[in-house]
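Peer 1: Have a look at this prediction, sequence included:
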Amino acid sequence: MGILGGDGFSLPIVNSNPIVSVSITITDSALSQMENTLNNEEKNHCLIISAQSGGCSGYVYDMKIDEIPQDKEQFQILFFGNIKIFIHNGDSHLLNGIELDYKDSLMGGGFNITNPNASRECGCGQSFG
């Protein structure tokens, strides 16, 4: 049976999120840890921070060190000394104003993101909405 008169089909919905000019804060401990992690590879590598759908509150943070993306026009690039942080334009409204910190503890260190845009966060601090 054809499309008309049949069960039909569904089309994907495209959400157009606003692109905002991103400003973030990096603590000295986070910057120091990123410099140690990149280990003089700042010329060809960067930190990419994004928000992925998932988690118990709606979104989860994704941070990765990767080669500098070829499609730079899709990202906002922030410079902290020699460190480049890329934030995808599609996530800009979710990540604008975040603070990136690094805490070292007996149980192991890790990066922590404080997000003023989050209306809710899960107990573990890994997801937000």
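Peer 2: On my side now, so go ahead.

Peer 1: Flag the shaky bits of the chain, pLDDT-wise.
Peer 2: Scanning the chain for pLDDT under 70 picks out 1-15, 54-57, 118-129.

Peer 1: any idea which residue sits dead centre in it?
Peer 2: Closest to where the C-alpha atoms of the chain average out (C-alpha atoms, centre = their mean) is residue 50, at 2.0 Å.

Peer 1: Quickly list what it is bridged to.
Peer 2: residue 62 (DSSP bridges).

Peer 1: Report the separation between it and residue 33.
Peer 2: For residue 50, the distance to residue 33 (C-beta to C-beta, to the nearest Å) stands at 19 Å. C-beta: built from backbone N, CA, C; applies to glycine.

Peer 1: next one: residue 16
Peer 2: When residue 16 is compared with residue 33 (using C-beta to C-beta), they lie 35 Å apart.

Peer 1: who has more neighbours, those two?
Peer 2: Per other C-beta atoms under 10 Å, whichever of residue 16 and residue 33 has more neighbours is residue 33, with 20 against 6.

Peer 1: for the more buried one, what are its contacts?
Peer 2: Applying C-beta atoms under 8 Å, 6 or more residues apart in numbering to residue 33 gives the contacts 102, 109, 111.

Peer 1: Show me what the helix or strand encompassing the last one is packed against.
Peer 2: Residue 111 is part of strand 110-114, with elements assigned from DSSP states H and E. With contacts defined as 3 or more C-beta pairs under 8 Å, 6 or more residues apart in numbering; DSSP states H and E, strand 110-114 has these neighbours: strand 99-103.

Peer 1: Contacts made by the strand it packs on with the rest, please.
Peer 2: So strand 99-103 is contacted by 24-27, 29-30, 32-33, 49, 109-114 (C-beta under 8 Å, 6+ apart).

Peer 1: Of these, select the buried ones using a ChimeraX command.
Peer 2: Remark: buried members of the contacts of strand 99-103, expressed as a ChimeraX selection using 16 or more other C-beta atoms under 10 Å:
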select :24,26,27,30,33,49,111,113
